[in-house]
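*Asks:* A predicted structure for the sequence below; I have some questions about it.
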Amino acid sequence: MANWCNNTVVFAGKPEAIRQIQQLFKEMAEQEQKEGCGQLPDFVADSNGGYFFGIYQDYDNTDTFQYETKWSPNTEVLQKIAEHYKVDFTQDYEELGNCVFGRATFSDRLLTDIFLEYEDFEQFEFDEETDTYQFEGEEYESDYEILETLLERKIENQFTNTNIQNDETIR
């Protein structure tokens, strides 16, 4: 049985394109209910998985969709959707059983995927006596806040390193 990767994707683009994506996800969710199996958009080839399961749209945030995939995120499929509708996206994903936690961003036709490595997960530990997580001398009720902190640091470092490289290129 597959481990389920939780995904949240937010699309950004022209309102008409976002409406078309909403319709696409609505149709895939309805089709999944009928067929009882994962879905892909018609314009995405069924070559290496990436199926959407348990699709849910937050109607307060009409550009935000949640769904599951088997084992890992389906970033390549999202990129094909974004290219098809000429939009950008940000995807947050997690499957903690296999130490998968990251954020993929597709903007101006450039995909950036920043994720935690196994070593990142070793930076904190669970204390069974206190039922808390220990990280940098602090106690946390959940590991999620720690993982978000570690990912944000990686994203900041990526951004800082990119800016340093760009500054050096200009000189």
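*Replies:* Perfect, thanks for sending it.
*Asks:* where does the most centrally placed residue in the chain land on pLDDT?
*Replies:* Nearest residue to the geometric centre of the chain (C-alpha atoms, centre = their mean): residue 92, 2.6 Å. We have a pLDDT of 98 for residue 92.
*Asks:* Pretty sure it sits against residue 64.
*Replies:* No: look at residue 92 against residue 64 with C-beta atoms under 8 Å: they stay out of range, at 10.3 Å. Quick note: C-beta positions are derived from backbone N, CA and C, even for glycine.
*Asks:* Overlap in contacts, these two.
*Replies:* Contact criterion C-beta atoms under 8 Å, 6 or more residues apart in numbering; residues shared by residue 92 and residue 64: 8-9.
*Asks:* Can you spell out the domain ranges of the chain, please?
*Replies:* Residue ranges for the domains of the chain, per automatic domain parsing: 1-106, 116-171.
*Asks:* Show me what counts as buried in the helix or strand hosting residue 22.
*Replies:* Residue 22 belongs to helix 15-35 when assigned by DSSP states H and E. Residues 17-18, 20-22, 24-25, 28-29, 31-32 are the ones in helix 15-35 that count as buried (16 or more other C-beta atoms under 10 Å).
*Asks:* elements contacting it?
*Replies:* Under the contact criterion of 3 or more C-beta pairs under 8 Å, 6 or more residues apart in numbering; DSSP states H and E, helix 15-35 touches strand 4-12, strand 53-57, helix 75-85.
*Asks:* any weak-confidence spans in this protein?
*Replies:* Residue ranges of the chain with pLDDT under 70: 1, 161-171.
*Asks:* Out of the domains of the chain, which is the most enclosed?
*Replies:* domain 1-106 (a mean of 16; mean count of other C-beta atoms under 10 Å).
*Asks:* now that one: how far from the chain's centre is it?
*Replies:* When distances are taken as C-alpha atoms, centre = their mean, to the nearest Å, domain 1-106 is centred 9 Å away from the chain's centroid.
*Asks:* Assess the claim that residue 151 and residue 113 are in contact.
*Replies:* No: if you go by C-beta under 8 Å, residue 151 and residue 113 don't touch, sitting 11.5 Å apart.
*Asks:* Could you tell me which residues touch both of these two?
*Replies:* 102-103.
*Asks:* Between its first and last residues, how far does stretch 98-118 reach?
*Replies:* When the termini of stretch 98-118 are compared using C-alpha to C-alpha, to the nearest Å, they are 9 Å apart.
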